[in-house]
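**Q** just need the structure, nothing else, for what follows:
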Amino acid sequence: MTYHEIKKPGAIATDSFSLIRQELSTAGYQFTSPNADIIERIIHSTADFDFAETTEISPNAVDAGTKALNMGCPIVCDVNMIRAGISEPRVTNLGGALHCFVAEPTIRQRAEAAGSTRSAMGIRWAAEQGLLEGSLVVVGNAPTALFEAIRLVDEGIRPALIIGVPVGFINTIESKEALTTVTAVPWITTLGRKGGTPVAVAIVNALLRLAVDAPVTEVD
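**A** Predicted coordinates for the structure are as follows:
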């Protein structure tokens, strides 16, 4: 068996992003920063170039996200997998905090009583605790949580940015399409069925790096 040369982590990341940019260019895609940084990071995390076509970023969404992070905004996640993947040291260094309420007993009880999902109820609970105003809302799994975030915007709550990239088959496409109609709050989404925890985490970690002018091509 022949083994390839093992490279240092930094070199692997550098070569990976170089290859991503080369393939995007060959395919005719031309993105400019800061949106390019988000899209490249998504592709790096998923090895899926479909995201070059499906990623949608509303005007000034990246700037809104980085400004909020620099102000120490809360980051509210629909599931704990996303919370675990986000660089907590970078969040705390900026004065922020990560939140996810999906596993809380109170949320389970309220969701059952309301006939709702725990993910959606967790987002509403965060709003009731005053955590959604000026926050980053990060939905990578549950379309119901994204619909709830949109509903709360309709009620007058203003997160700094909604990252809506749920994955799946039921109401996934519809929830993302609904997000693209939102004009009161900036948003980032990936149209279609694809998305998930790796995409959501990639977007937030890219924003965290952009917030402090760190190279997005580095991997924590």
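**Q** where does L98 land in three-state SS?
**A** Of the three states, L98 takes strand under DSSP: H, G, I helix; E, B strand; the rest coil.
**Q** contacting residues for it?
**A** By CB atoms under 8 Å, 6 or more residues apart in numbering, the contact list for L98 reads 74-75, 77, 83, 86, 88, 91. In this view, the C-beta of every residue, glycine as well, is placed from N, C-alpha and C.
**Q** go on, R108?
**A** Taking CB under 8 Å, 6+ apart as the test, what R108 contacts is R118.
**Q** the one 10 residues further on too?
**A** Residues in contact with R118 (CB under 8 Å, 6+ apart) are 102-103, 107-108, 111.
**Q** for these, give me JSON lines that also has pLDDT and secondary structure.
**A** JSON lines is the format used below for the contacts of R118 (pLDDT from 0 to 100; DSSP: H, G, I helix; E, B strand; the rest coil):
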{"residue": "V102", "pLDDT": "97", "secondary structure": "coil"}
{"residue": "A103", "pLDDT": "96", "secondary structure": "coil"}
{"residue": "I107", "pLDDT": "97", "secondary structure": "helix"}
{"residue": "R108", "pLDDT": "96", "secondary structure": "helix"}
{"residue": "A111", "pLDDT": "97", "secondary structure": "helix"}
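**Q** output those residues in a markdown table; the columns should cover distance to A184.
**A** Below are the contacts of R118 laid out as a markdown table (distance: CB to CB, whole Å):
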| residue | distance to A184 |
| --- | --- |
| V102 | 25 |
| A103 | 30 |
| I107 | 26 |
| R108 | 31 |
| A111 | 26 |
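**Q** that concludes my questions; thank you for your assistance.
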